[in-house]
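**Student:** Pasting the sequence and the predicted coordinates here, then a few questions.
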Amino acid sequence: MVLSKSDGRFTQKQPVDADVGLINSFIDVLWLEEGLSKNTQVAYRRDLSLFACWLNDRKLDLQHCEAEDVRRYLSWRVQESLSPASTSRFISSARRFFRFLVRETILLEDPMLRIELPRKGRPLPKTLSEMDVEALLNAPDLNTVLGSRDRAMLELLYATGLRVSELVSLHLGQVNLHHGVIRVSGKGEKERLVPIGEEAISYLKRFLRGDRELLVTESCLEVVFPSKQGKEMTRQTFWHRIKRYAVEAGIEKPISPHVLRHAFATHLINHGADLRVVQMMLGHSDLSTTQIYTHVAQQRLQSLHKLHHPRG
């Protein structure tokens, strides 16, 4: 089921069965061959299903799609003001999907061969100052069970740069407080070891040895941070918790769990951390993905120079 926009309104639609079958087969093969994460599978399925619905509305389907159909769909996305970033993601998804169809001899010609990925500037990641982070970390009330849990989560997030999906799904077996590290299974099921840091260890110990017992149930015995309902917390729930604490801390910038991941990387580089070390801790497969944080740090240095230098 996808949300398809028509006449300025969104309606729930489902692609025809044949297209659903092709998309499912593609996702299954990717999972088997590359071990794609659940979130990536969801994104691919959403992108391709929306395209399939668009085709179906015009009496077309994925198996008979041509390059001109893709161009018309891209024009439709522009008319509907869908974001350039999501369009780029769709093109990437579609390229892999149609290569799969050609490989399986379902299609004779790949309609994406003549489709170019639109050029777009890479925006600098939004981040927080060290003062903002300190205010955010101090916002939870440690005298409450949820406050104790949330403080431990925020400390761990800032200390390690985890993705929010990695944080909420963290299990006890992945945490080694004696050695001060956690074992994280990230995108593509790639494992990495990330140091925790003394502050995060302190709040994590406090929660694990006390308040966690008041939240844990049979259904989440191994989950490090159970939800209020005694289940594995969702990413959306934690996002709402962070927004609430940001308001309490007087932080006016837009904030999300990913902003803390950006702050982790930016502050490390500001304090002289090696770029490849940051790459390993973030779980980036490509160093170029990590290099964007050097631009954030450089921007910070330029603003400090302008502020404090007599000829700035």
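**Tutor:** That came through, no problem. Numbers count the residues shown, from 1 in each chain.
**Student:** Ramachandran coordinates for the spatially most central residue of the chain?
**Tutor:** Taking C-alpha atoms, centre = their mean as the criterion, R163 is the residue nearest the geometric centre of the chain, at 6.3 Å. Here the main-chain torsion angles of R163 (degrees, to the nearest 10) amount to phi -70, psi 150.
**Student:** What separation do you get for it and L113?
**Tutor:** When C-beta to C-beta, to the nearest Å is applied, the distance between R163 and L113 equals 33 Å. (C-beta placed from N, C-alpha, C; glycine too.)
**Student:** same thing with P140?
**Tutor:** Using C-beta to C-beta, one gets 53 Å for the distance from P140 to L113.
**Student:** One more: A139?
**Tutor:** As for A139, its distance to L113 is 52 Å (criterion: C-beta to C-beta).
**Student:** Name the residue in these two with the higher neighbour count.
**Tutor:** Relative neighbour count places A139 above the other of A139 and L113, with 20 against 11, counting by other C-beta atoms under 10 Å.
**Student:** Let's see the pLDDT reported for P140.
**Tutor:** Note for P140: predicted pLDDT of 95.
**Student:** so it touches G147, yeah?
**Tutor:** Yes - in this structure P140 lies within contact range of G147 using C-beta atoms under 8 Å: 4.0 Å.
**Student:** Who has more neighbours out of these two?
**Tutor:** Counting neighbours by other C-beta under 10 Å for P140 and for G147 shows that P140 has the greater number, 24 against 16.
**Student:** give me every residue that touches R241.
**Tutor:** Taking C-beta atoms under 8 Å, 6 or more residues apart in numbering as the definition of contact, the neighbours of R241 are D150.
**Student:** ok, 10 Å please
**Tutor:** Going by C-beta atoms under 10 Å, 6 or more residues apart in numbering, R241 touches A139, P140, L146, R149, D150, M153, L154, M233, P257.
**Student:** among these, which ones are buried?
**Tutor:** Buried positions within these, assessed by neighbour count (16 or more other C-beta atoms under 10 Å), are A139, P140, R149, D150, M153, L154, M233, P257.
**Student:** distance of the second one from R241?
**Tutor:** Noted for P140: a distance of 9 Å to R241, by C-beta to C-beta.
**Student:** So for the two, which residues contact both of them?
**Tutor:** Both P140 and R241 are in contact with L146, R149, D150, M153, L154, where contact means C-beta under 10 Å, 6+ apart.
**Student:** Mind putting these into JSON lines with secondary structure, distance to A85 and pLDDT?
**Tutor:** Shown next, in JSON lines, are these (DSSP: H, G, I helix; E, B strand; the rest coil; distance: C-beta to C-beta, whole Å; pLDDT from 0 to 100):
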{"residue": "L146", "secondary structure": "helix", "distance to A85": "34", "pLDDT": "95"}
{"residue": "R149", "secondary structure": "helix", "distance to A85": "33", "pLDDT": "95"}
{"residue": "D150", "secondary structure": "helix", "distance to A85": "30", "pLDDT": "95"}
{"residue": "M153", "secondary structure": "helix", "distance to A85": "28", "pLDDT": "94"}
{"residue": "L154", "secondary structure": "helix", "distance to A85": "27", "pLDDT": "93"}
